[in-house]
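Undergrad: any chance you can model this:
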Amino acid sequence: MKPTLGSLFAGIGGIDLGFERAGFETVWQVEINPYCRKVLARHFPNAERFEDVRTVGKHNLRPVDVIAGGFPCQDISNAGKRAGIEGELSGLWREIPRILSALRPKFALVENVAALLARGIERVLGDLAEIGYDAEWEVISAADIGADHERERLWLLAYPAQEQGFYKSLGILRQARLSANRRQWRGSGAWDEATPKLCRMDDGVPDRVVQTELLGNAVVPQIPELIANRIRECLEAA
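TA: All right, here's what the predicted structure looks like:
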C-alpha cells in the first residue's frame with residue numbers, strides 16, 4: 001500500500017507532484033484559487049479537493065501519513081510588505097498546526113521563503129511544540145538541483161515529539177539536501193534545456209503551466225521528491 005499525502009495550500013501541485021514521484025498517493029488537496037483547482041483536478045484526478053483551509057479539519061479530511069503545504073509568504077518575503085507571520089495572508093499559518101493537531105500525521109512538511117527564519121520561525125516552532133511536534137529545517141535552493149536561479153526555500157519537517165531522537169538522528173532534510181547536491185540533474189531530462197532558467201519560468205510543474213504568478217508561487221518538484229523519498233524510507237522501516 002502506498003504512503004499517503006494530504007496537501008494544504010496546494011497551489012498547482014508542485015509539492016504533490018514531488019511526493020507522487022516518490023511513490024505517495026495524494027488523498028486530498030486544499031486550495032482556494034479556482035484556476036489552481038482546475039490544474040489539480042487534471043493532474044490529481046483521484047484526490048479529494050477542498051476550497052478553504054479555514055473550513056477543513058478532522059470532520060472532512062481523511063487521515064494521511066504526511067501533511068504538506070507552503071503557507072502564504074507575501075507578508076514574510078523580502079519582496080513583500082514584511083509584516084511577518086502575523087500578517088493577513090501569512091497569518092494563515094495558524095491553520096496548519098490546527099489541522100495537524102486534529103489529524104496527527106506521522107510527518108508534516110512546511111515550505112516557505114528563507115526569510116521565515118527572520119520573520120516567524122519562533123512562532124512556527126512554538127506552535128508546533130504546543131501540539132506536541134518537534135521539527136528540523138534546511139534551506140534548499142533550486143540551484144542545488146541544477147536550476148540557473150536560486151529560489152531559496154525553507155523546508156521544515158515536523159514529527160511527533162516522542163519520536164524526536166529517532167528522526168533527528170536520521171537527518172532527513174540534511175540527507176535530502178546532500179542528495180540534491182550529489183544528483184546530476186542537468187542533462188538527465190529533469191530540466192528542459194530549451195527553456196530559459198529564470199525564476200518564474202517552468203520548473204517541471206505539471207503540463208508546463210505558463211501563468212507567471214502561479215509559477216512564481218510554485219515549488220521545484222525535485223526538492224519535495226528528494227524529501228519524500230527519505231520520508232518513505234522511514235515509513236517503510238517503521
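Undergrad: how about low-confidence regions in this structure?
TA: Where the chain drops to pLDDT under 70, the residues are 80, 146-149, 164-165, 169, 181-217.
Undergrad: show me where it has its helices.
TA: 14-21, 34-43, 95-103, 121-130, 164-170, 172-182, 212-217, 222-237 (DSSP state H).
Undergrad: what's the most buried one of those?
TA: helix 14-21 (a mean of 24; mean count of other C-beta atoms under 10 Å). For the C-beta atoms, the positions are set from N, CA and C on the backbone; glycine is no exception.
Undergrad: residues in contact with that helix?
TA: 5, 7, 10, 26, 29, 40, 43-44, 47, 66, 68-70, 109, 111, 203-206, 218-228 (C-beta atoms under 8 Å, 6 or more residues apart in numbering).
Undergrad: run the chain-centre distance for it.
TA: Remark: helix 14-21 is offset 9 Å from the chain centroid, using C-alpha atoms, centre = their mean, to the nearest Å.
Undergrad: report the angle between that helix and helix 222-237.
TA: Helix 14-21 runs at 50 degrees relative to helix 222-237, counting by axes from the mean of the first three to the mean of the last three C-alpha atoms, to 10 degrees.
Undergrad: what residues are up against the nearest residue to residue 87 once chain neighbours are set aside?
TA: Excluding the flanking residues, the one nearest residue 87 by C-beta to C-beta, 6 or more residues apart in numbering is residue 75, at 2.6 Å. For residue 75, the contact set (C-beta under 8 Å, 6+ apart) comprises 81-91, 119.
Undergrad: any chance of those in JSON lines, with neighbour count and distance to residue 52 too?
TA: Output for these, formatted as JSON lines (neighbours: other C-beta atoms under 10 Å; distance: C-beta to C-beta, whole Å):
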{"residue": "81", "neighbour count": "13", "distance to residue 52": "23"}
{"residue": "82", "neighbour count": "14", "distance to residue 52": "26"}
{"residue": "83", "neighbour count": "15", "distance to residue 52": "22"}
{"residue": "84", "neighbour count": "17", "distance to residue 52": "23"}
{"residue": "85", "neighbour count": "23", "distance to residue 52": "20"}
{"residue": "86", "neighbour count": "13", "distance to residue 52": "20"}
{"residue": "87", "neighbour count": "20", "distance to residue 52": "18"}
{"residue": "88", "neighbour count": "11", "distance to residue 52": "15"}
{"residue": "89", "neighbour count": "15", "distance to residue 52": "14"}
{"residue": "90", "neighbour count": "26", "distance to residue 52": "17"}
{"residue": "91", "neighbour count": "17", "distance to residue 52": "15"}
{"residue": "119", "neighbour count": "23", "distance to residue 52": "25"}
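Undergrad: out of these, which one sits closest to residue 61?
TA: residue 91 (20.9 Å; C-beta to C-beta).
Undergrad: contacting residues for the closest one?
TA: 75, 85.
Undergrad: how about the residue lying closest to residue 238 once chain neighbours are set aside, what does it touch?
TA: Nearest non-adjacent residue to residue 238, counting by C-beta to C-beta, 6+ apart: residue 106, 7.9 Å away. By C-beta under 8 Å, 6+ apart, the contact set of residue 106 is 65-66, 159-160, 235, 238.
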